[in-house]
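**Student:** Requesting a structural model of the entry that follows:
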Amino acid sequence: MFLRMIVLVASAALLSACGESVTRDFPSRILVVGDSMLATHRMSDSAVADALEQTLREPVVDRSTIGARFHYAMPISGSAGLNITKQYVPGEWDWVVVNGGGNDLWFGCGCMICGPKLNRLISEDGTKGTIPGFLSRLRQSGAKVIYVGYLRSPGLASPIEHCRDEGAELERRVARLSQIDSGLYYLSLQDLVPNGDGSYHAIDMIHPSVKGSTAIGQLLANVIEGP
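**Tutor:** Predicted coordinates for the structure are as follows:
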């Protein structure tokens, strides 16, 4: 009984961390799913989705979760948001914003000898793997999809600097996939942060600062609003 209570409490906490629920009382045409790059600053209403809402002046449903991965096997916490594919909830979405893959590489192989894990996420030609499969599922729902890349280190010390090459290759493959489907957009953040400028990153030099989250949200708004 005690163990069951712990599981229920932990599950409730994870559900809370997963962000907003999807209800008929909160209509929106934009859904956000992914990991902590999108979820950071949600408690202060300063996450990427908040900036997107403020720029577009319309509601956005944010279900991104800190620590989320594409490959996450635990069923309860996975359903609560730690599995990115399970953050998605069917709806009348015009746009779905997605990021992820970094935690799979960082936690899954320490960004070292990650070829098999990277290939499982997305093949070299961009057409096979968990990420293409998920993005295809979203596109089949009728929504347009924006896959957001990660912030780059501004030339300052970062705990995940050694993951740079693997992350860049992951995004190169997603970019290749986006060239095949006109309804799939790849938003690179490679040039967002000026060299030597740490103001776009939080103090951990991994996650975005409020300034960084705001800038990402505004870039997403530009894609959604179009030329």
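
**Student:** tell me the strands in the chain, going along the chain?
**Tutor:** Remark: strands assigned in the chain by DSSP state E are 30-33, 61-62, 95-98, 144-148, 184-187.

**Student:** Looking at those strands, which one is packed in the most?
**Tutor:** strand 30-33 (a mean of 27; mean count of other C-beta atoms under 10 Å). The C-beta positions use only the backbone N, C-alpha and C, and glycine is treated the same way.

**Student:** Who does it pair with, and is each partner parallel or antiparallel?
**Tutor:** Taking DSSP bridges as the criterion, strand 30-33 sits next to strand 61-62 (parallel), strand 95-98 (parallel) in its sheet.

**Student:** Present the ones you listed as JSON lines; the columns should include distance to residue 110.
**Tutor:** Converted to JSON lines, the strands paired with strand 30-33 look like this (distance: least, C-beta to C-beta, whole Å):
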{"stretch": "strand 61-62", "distance to residue 110": "29"}
{"stretch": "strand 95-98", "distance to residue 110": "24"}
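
**Student:** Can you lay out those as a markdown table showing mean pLDDT and distance to residue 85?
**Tutor:** Below are the strands paired with strand 30-33 laid out as a markdown table (pLDDT from 0 to 100; distance: least, C-beta to C-beta, whole Å):
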| stretch | mean pLDDT | distance to residue 85 |
| --- | --- | --- |
| strand 61-62 | 96 | 16 |
| strand 95-98 | 98 | 10 |
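
**Student:** how about those strands, which one is nearest residue 216?
**Tutor:** strand 95-98 (9.7 Å; C-beta to C-beta).

**Student:** got the CA positions of the closest one in PDB?
**Tutor:** The C-alpha trace of strand 95-98 is given here as PDB (Å, rounded to 0.1, in the frame of the first residue of the first chain):
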ATOM      1  CA  TRP A  95       0.800  23.500 -35.700                       C
ATOM      2  CA  VAL A  96       2.800  21.200 -33.400                       C
ATOM      3  CA  VAL A  97       6.100  22.400 -32.100                       C
ATOM      4  CA  VAL A  98       8.600  19.600 -31.300                       C
END
